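Chemist: Predicted model follows, preceded by the sequence.
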Amino acid sequence: MNDKLKRLAERRKRLIDLAEMQRVAISQEVEPWRHALTNVDKGLAALRYLKNHPIWLASGASLLILAIGPGRVLKWLGQGLIAWRTLSQFRNR
């Protein structure tokens, strides 16, 4: 093997070793976040499911209305609308 190929092989080995050390360092930095990120992923998956299957959301809302009464649900919706508008105003500033 000529000198150029030997240097390339050594450089390749150093780069592979460096990449391995970086992977280990990143995995150690991310470890404390793993549980929280797993929960976020599950929540996003649930939201995607509801977006793709809106009948479940409508069914749940119907059951909620039946269970607690339409008056209370309308009160909650009104309060939610006020909160949403308030947050939207702060976000737009």
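Modeler: Received the coordinates, thanks. Numbers count the residues shown, from 1 in each chain.

Chemist: CA only for contacts and neighbour counts going forward, please
Modeler: OK.

Chemist: and this protein, what are its domains?
Modeler: Following automatic domain parsing, one finds the domains of the chain at 1-52, 54-93.

Chemist: Distance from the last one to the middle of the chain?
Modeler: So the one you mean is domain 54-93. 23 Å (Cα atoms, centre = their mean, to the nearest Å).

Chemist: Next: stretch 34-49.
Modeler: Offset of stretch 34-49 from its chain centre (Cα atoms, centre = their mean): 5 Å.

Chemist: Could you list the residues in contact with it?
Modeler: Where contact means Cα atoms under 8 Å, 6 or more residues apart in numbering, no residue beyond stretch 34-49 reaches it.

Chemist: switch to numbering from 417
Modeler: With the count now opening at 417, the last piece we talked about shows up as stretch 450-465.

Chemist: just to revisit the earlier point, confidence-wise, which of the domains of the chain is weakest overall?
Modeler: Mean pLDDT is lowest for domain 470-509 among the domains of the chain, at a mean of 86.

Chemist: What residues sit buried inside that domain?
Modeler: Residues of domain 470-509 classed as buried: residue 489 (neighbour count, 16 or more other Cα atoms under 10 Å).

Chemist: so how far does that domain reach from one end to the other?
Modeler: This stretch, domain 470-509, spans 33 Å end to end (Cα to Cα, to the nearest Å).

Chemist: same check, this time on stretch 463-479
Modeler: 19 Å.

Chemist: just how off-centre is it within its chain?
Modeler: For stretch 463-479, the distance to the chain centre is 19 Å (Cα atoms, centre = their mean).

Chemist: so where do the helices sit in this protein?
Modeler: Counting by DSSP state H, one finds helices in the chain at the ranges 419-446, 450-468, 470-484, 486-508.

Chemist: Could you measure from residue 418 over to residue 446?
Modeler: Residue 418 is 42 Å from residue 446, where distance means Cα to Cα.

Chemist: The two: which is more packed in?
Modeler: Neighbour count, other Cα atoms under 10 Å: between residue 418 and residue 446, residue 446 has more, with 11 against 6.

Chemist: check contacts around that one.
Modeler: So residue 446 contacts nothing (Cα under 8 Å, 6+ apart).
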